[in-house]
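Enquirer: how would this look folded up:
(one chain, ligands or ions: 1)
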Amino acid sequence: MAQVDYATQVQPIFYNHCLSCHVSVNGSGALELDSYEYLMEGDSNNGPVVIPFNADSSLLYRVLLRDSVIVPNEPICCRMPKNAEPLPQDQQMIIYNWINEGAIASTVSVMSESPREPPSFDVYPNPFNNKINISFMLNQSELENIIIFDILGKRVKTITRKNYGVGRDLVFWNGVDDFNRPISGGLYLIGFEVDNKIQGLKKVLYLK
Ligand code: HEC
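Expert: Modelled structure (predicted):
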């Protein structure tokens with residue numbers, strides 16, 4: 001199944017069912033659902049509402065369930081949308097899958113037709129705390145960049161090594177950007193730049 005796209009699949013659900021109350025100017029409580037940034041800020045009475053990769057623990061999903069009685073710090077408990085029918089099952093699943101896929105802003109477009117294959121690589125541990133290992137296999141001895149993006153698609157770090165040997169190699173990333181500044185915790189994407197295209201993105205979660 002294709003990865004859920006936030007802008008075209010998730011945000012419209014909020015437009016149709018939630019914004020009458022959860023919009024910045026209205027003030028229903030603090031949670032605002034009119035943009036990805038506001039949603040992830042998760043300024044709710046109960047802390048962040050989205051926990052990437054963990055829909056079952058995410059308030060955003062749990063409030064949708066028919067029998068939801070769980071808004072821990074609220075005197076009133078509620079199933080959302082409040083005072084309305086539950087969302088259709090397929091819309092609940094879109095939100096569920098989107099969170100479990102990492103709750104990223106929008107699918108970063110990955111070019112498909114490259115003459116060269118990206119190296120196969122693994123990242124571990126994931127989630128990571130101090131550093132993450134990027135282990136990969138190169139078939140050709142060439143310059144390859146490893147690029148790290150934040151969830152908004154901004155490049156935060158480029159790891160360049162010249163003259164990679166052929167074969168298995170390992171580099172690590174310790175959660176700093178190109179200027180050696182520590183970055184905040186959260187979700188990042190790691191991919192290889194091959195022929196000026198980003199390939200094989202993997203999502204990683206940096207816990208601080
Ligand atoms: C009719 C108004 C209304 C609609 C529509 C509505 N909500 Fe809410 N929502 C509230 C209110 C008010 C609260 C605060 C808890 C309460 O008073 O029941 C709340 C709380 C929440 C919370 C808990 C966050 C917190 O601050 O603790 C989440 C998550 C949430 N809503 C998500 C949604 C989603 C997703 C939708 C759309 C599918 C939605 N809501 C639709 C009024 C609404």
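Enquirer: Determine the three-state secondary structure at S135.
Expert: When classified by DSSP: H, G, I helix; E, B strand; the rest coil, S135 comes out as strand.
Enquirer: my guess is it meets P125, correct?
Expert: No: counting by CB atoms under 8 Å, P125 is not a contact partner of S135; they are 11.8 Å apart. All C-beta spots, glycine's among them, are computed from the backbone N, C-alpha and C.
Enquirer: higher neighbour count, these two?
Expert: S135 (15 against 12; other CB atoms under 10 Å).
Enquirer: and the gap between that one and F53?
Expert: S135 sits 21 Å away from F53, going by CB to CB, to the nearest Å.
Enquirer: What of P125?
Expert: 13 Å.
Enquirer: what's the answer for E37, then?
Expert: 19 Å.
Enquirer: Those two: who's more crowded?
Expert: F53 (16 against 10).
Enquirer: State the pLDDT value of the more buried one.
Expert: At F53, the model reports a pLDDT of 92.
Enquirer: Kindly report the same for S112.
Expert: S112 is given a pLDDT of 45.
Enquirer: Also I76?
Expert: pLDDT, read off for I76, is 43.
Enquirer: now do the one 10 residues further on
Expert: At P86 the predicted local confidence, pLDDT, stands at 89.
Enquirer: Spit out the contact partners of it.
Expert: Applying CB atoms under 8 Å, 6 or more residues apart in numbering to P86 gives the contacts L64, L65, R66, R79, Q92.
Enquirer: Show me how the chain divides into domains.
Expert: Domain ranges of the chain: 6-100, 120-206, per automatic domain parsing.
Enquirer: As TSV, those domains with distance to S106 would be great.
Expert: What follows is the domains of the chain, written out as TSV (distance: least, CB to CB, whole Å):
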stretch	distance to S106
domain 6-100	5
domain 120-206	8
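Enquirer: mean pLDDT lowest for which of those?
Expert: Across the domains of the chain, the lowest-scoring stretch is domain 6-100, with a mean of 80.
Enquirer: Need the distance between the two termini of it.
Expert: 12 Å (CA to CA, to the nearest Å).
Enquirer: hey, where'd the strands end up in the chain?
Expert: Taking DSSP state E as the test, the strands found in the chain are 120-124, 132-138, 144-150, 155-161, 167-173, 186-194, 197-206.
Enquirer: So in that sheet, which strands flank the fourth one, and in what orientation?
Expert: By that I understand strand 155-161. Here strand 155-161 is paired, per DSSP bridges, with strand 144-150 (antiparallel).
Enquirer: Give me the contact list for the partner strand.
Expert: Residues contacting strand 144-150 (CB under 8 Å, 6+ apart): 108, 119, 134, 138, 155-161, 164, 171, 173, 183, 186-194, 198, 201.
Enquirer: Write the PyMOL selection for whichever of those are buried.
Expert: Listed next is the PyMOL selection for buried residues among the contacts of strand 144-150, using 16 or more other CB atoms under 10 Å:
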select buried, resi 119+134+138+156+157+164+173+183+187+188+189+190+191+192+193+194+198+201
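Enquirer: Please list which of the contacts of strand 144-150 also come close to the ligand.
Expert: Subset of the contacts of strand 144-150 in contact with the ligand: empty, counting by CB under 6 Å from any ligand atom.
Enquirer: What segments of this protein are helices?
Expert: Taking DSSP state H as the criterion, the chain carries its helices at 11-17, 36-41, 59-62, 89-100.
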